[in-house]
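**Student:** just coords:
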Ligand code: G6P
Ligand code: MG
């Protein structure tokens, strides 16, 4: 039986993945680059500076930006992102998530967050969900971001739970890769084209059902 669920934040618990995209899109526009949702798939789960680097690579003439200019762009992106985050509250928790958290608790499972965001604590707080979490891993705690497994292994280590007894939930390809590399059971939420490596895939959070996930987990690890 699984012992812990480790949740990604942006795009799983709430739709802040969209806010990250909208903020990056404005930054890109300022640089005369256009990014679409297809390109954005690569940015999901990727840290702020690494995301900026991926965007800058789209225009070779931007390869000489100074570190200071890059810092300014990243800071501006975060301001735009926070303007959007300031509008959210508990009504912005995605469908099915609070039910799943409650089921985890009822069954005595541990709950952790595994996010690459520096804003993770703030977002979770705005959603009113902090009290569910036994442990929170955010950008400040990992040296190697997703797809490296560290985000997920750090959470399991802190909880004192062996990796194969953990189930990770992710909306990004990098995140699913990180969960798999941690030797945990991966649940993907979203598009099959992006998340084909997930051990179990659903299209939307409304389809996340505790019993079903445990069933799939037990089937795979039997
Ligand atoms: C998450 C999101 C990414 C974002 C990263 C850093 O992983 O999926 O889109 O770039 O966090 O977020 P931050 O809030 O620190 O800029
Ligand atoms: Mg995500």
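**Tutor:** On my side now, so go ahead. The structure displayed is predicted, hence computed values, not measured ones. Ligands and ions are numbered 1, 2, ... in the order given.
**Student:** quote the end-to-end distance of stretch 198-211.
**Tutor:** Terminal residues of stretch 198-211 are spaced 18 Å apart (CA to CA, to the nearest Å).
**Student:** for it, buried residues please.
**Tutor:** 198-202, 205, 208, 210 (16 or more other CB atoms under 10 Å). The way it works is simple: take the backbone N, C-alpha and C, and place the C-beta from them, glycine included.
**Student:** so what's the closest residue in space to residue 124 that isn't next to it in sequence scoring on pLDDT?
**Tutor:** Spatial nearest neighbour of residue 124, excluding adjacent residues (CB to CB, 6 or more residues apart in numbering): residue 130 at 5.0 Å. Residue 130 carries a pLDDT value of 98.
**Student:** and the gap between residue 130 and ligand 2?
**Tutor:** Using CB to the ion, to the nearest Å, residue 130 is found at 18 Å from ligand 2.
**Student:** so that residue touches residue 123, yeah?
**Tutor:** No: counting by CB atoms under 8 Å, residue 130 does not reach residue 123; the two are 9.9 Å apart.
**Student:** neighbour count: the two, which is higher?
**Tutor:** residue 123 (25 against 13; other CB atoms under 10 Å).
**Student:** and the more buried one, what does it touch?
**Tutor:** Residues counted as contacts of residue 123 (CB atoms under 8 Å, 6 or more residues apart in numbering) are 9-10, 14, 16, 85, 88, 117.
**Student:** name the secondary structure element that contains it.
**Tutor:** helix 120-127 (DSSP states H and E).
**Student:** show me what from the protein comes close to ligand 1.
**Tutor:** Counting by CB under 6 Å from any ligand atom, the chain comes close to ligand 1 at 10, 17, 20, 43-48, 51, 78, 115-119, 139.
**Student:** ok so, going back, okay if I get the buried residues of stretch 198-211 as a markdown table plus secondary structure and distance to residue 146?
**Tutor:** Below are the buried residues of stretch 198-211 laid out as a markdown table (DSSP: H, G, I helix; E, B strand; the rest coil; distance: CB to CB, whole Å):
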| residue | secondary structure | distance to residue 146 |
| --- | --- | --- |
| 198 | coil | 14 |
| 199 | coil | 16 |
| 200 | strand | 18 |
| 201 | strand | 17 |
| 202 | strand | 20 |
| 205 | helix | 19 |
| 208 | coil | 20 |
| 210 | helix | 24 |
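**Student:** closest to ligand 1 among those residues?
**Tutor:** residue 205 (14.9 Å; CB to the nearest ligand atom).
**Student:** not counting sequence-adjacent ones, nearest residue to that closest one?
**Tutor:** residue 94 (4.2 Å).
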